[in-house]
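Participant: Model the following, please.
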Amino acid sequence: MRIDKYLWCVRYYKTRNMVTEACKKNHVTVNGQVAKPSKEVFPTDKITFRKDQITQIITVLDIPENRVGAKLVDIYRKNETPAEAYAHLELLKLSKEHYRKNGTGRPTKKDRRDIDEFGNEIFDEEETE
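Facilitator: Numbers count the residues shown, from 1 in each chain. Predicted structure coming up:
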């Protein structure tokens, strides 16, 4: 089965076109080699790809006939992504909450003072260490 079809079948990407784009950007490797969308995948192959700022590592266990339901995905692949990658994603989500929301306009004078004060606190902590 083609790599683009496999990753679509096991529900890592919503469309095959998204997988094709990821392959063209060299985000997908099979057994350590960059894969084109037409690369054939066989059981025991190790697929590494980057999605949502996480480098996913999966091992092919079996080849599905068609796209499978979410509950049946574990029959066809083994997820070997380290837990630290998911913890890193959680930290990224928390850090994004700190920034201003889009569409709130320019910072007010009070907002600007708060931002400067926050930056000074971090700078002061680094000097004391």
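Participant: Give me the below-cutoff pLDDT ranges for the protein.
Facilitator: 96-103, 121-129 (pLDDT under 70).
Participant: Which parts of it are helices?
Facilitator: Counting by DSSP state H, the chain has helices at residues 3-9, 16-24, 83-96, 109-128.
Participant: among the ones you listed, which is nearest E40?
Facilitator: Nearest to E40 among the helices of the chain is helix 3-9 (7.6 Å), distances taken as CB to CB. No exception for glycine: its C-beta is placed from N, CA and C like everyone else's.
Participant: Tell me who's in contact with T55.
Facilitator: With contacts defined as CB atoms under 8 Å, 6 or more residues apart in numbering, the neighbours of T55 are T48, F49, T81, A85.
Participant: Reformat those as CSV; add distance to Y13.
Facilitator: Below are the contacts of T55 laid out as CSV (distance: CB to CB, whole Å):
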residue, distance to Y13
T48, 15
F49, 9
T81, 15
A85, 18
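Participant: Selection in PyMOL covering whichever of these are buried, please.
Facilitator: Buried residues within these, by 16 or more other CB atoms under 10 Å, are selected in PyMOL with:
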select buried, resi 48+49
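Participant: and of the contacts of T55, the nearest to Q33?
Facilitator: So of these, ranked by how close each gets to Q33 (CB to CB), first place is T48, at 10.1 Å.
Participant: The closest residue to the closest one other than its chain neighbours and L7: what is the separation?
Facilitator: Nearest in space to T48, with sequence neighbours left out and distances taken as CB to CB, 6 or more residues apart in numbering, is T29 at 4.8 Å. Distance, T29 to L7, by CB to CB, to the nearest Å: 12 Å.
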